[in-house]
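Asks: sequence first, then the predicted structure, then my questions.
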Amino acid sequence: MFQFRKIASTGALFAALGLGAIASMPAMAETVAMTGKLAASNEVPANTSTGMGAVEGSFDKQTKMLNWTVTYSGLTGPVKAGHFHGPAMAGQNAGVALGFTGGMDSPIKGSATLTDAQAADLLAGKWYVNLHTAANAGGEVRGQVTFTP
């Protein structure tokens, strides 16, 4: 009987130590992958450009850090400006939510820490990427941002 108690208390000790270790672990960040296909047909209104592109990146839900790479080809001219726009669903227009800085040659890379409101709109699918050229000042190619599990 004494032996049984020793095993039971040893098991309780290991259980307590295990729970303590789990409780002291830092929370793991949840990073989600982001994608989007840029096309003139996604613009509102659509235009006749044959240009195309893509946005790929990641978003860390804990730190709210957004990282992106935008690639493109076949546009009517150099990109004059590029942005994330929102909040808007596909088929709707919205103002600039976050502009790209630096060079606009492909690939355009960047990162930013979002506000709580920006993060909520991004995760709800209400942001899109828009690339603007001289011939298509309102936007030549556009792609809605989506997330893959």
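Replies: Perfect, thanks for sending it. Residues are numbered from 1 along each chain as shown.

Asks: make it CA atoms for all contacts and neighbour counts henceforth
Replies: Will do.

Asks: what bridges to S58?
Replies: Per DSSP bridges, the residues bridged to S58 are A33, N67.

Asks: that one reaches M34, doesn't it?
Replies: Yes - in this structure, S58 is within contact of M34 by Cα atoms under 8 Å, at 5.3 Å.

Asks: the more surrounded of those two?
Replies: More crowded of S58 and M34, by other Cα atoms under 10 Å: M34, with 21 against 18.

Asks: tell me the contacts of the more buried one?
Replies: 55-59, 145-148 (Cα atoms under 8 Å, 6 or more residues apart in numbering).

Asks: can you tell me how far it is from T148?
Replies: Taking Cα to Cα, to the nearest Å as the criterion, M34 is separated from T148 by 6 Å.

Asks: related to what we said a few turns ago, dump the contacts of M34 to TSV, plus pLDDT.
Replies: Putting the contacts of M34 into TSV (pLDDT from 0 to 100) gives the following:
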residue	pLDDT
V55	98
E56	98
G57	97
S58	97
F59	97
V145	97
T146	96
F147	91
T148	79
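
Asks: closest one to A39 out of the residues you listed, please.
Replies: Of all the contacts of M34, A39 sits closest to V55, with 11.2 Å by Cα to Cα.

Asks: picking up where we left off before, ok, the contacts of M34 vs L114, which is closest?
Replies: When those are ranked by distance to L114 (Cα to Cα), F59 comes first, at 9.5 Å.

Asks: surely that closest one touches A112?
Replies: No - look at F59 against A112 with Cα under 8 Å: they stay out of range, at 9.7 Å.

Asks: okay, and the common contacts of these two?
Replies: Counting by Cα under 8 Å, 6+ apart, the shared contacts of F59 and A112 are 65-67.

Asks: now those residues in TSV, with pLDDT, distance to Q92 and neighbour count?
Replies: TSV is the format used below for the shared contacts of F59 and A112 (pLDDT from 0 to 100; distance: Cα to Cα, whole Å; neighbours: other Cα atoms under 10 Å):
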residue	pLDDT	distance to Q92	neighbour count
M65	98	25	16
L66	98	23	21
N67	98	24	17
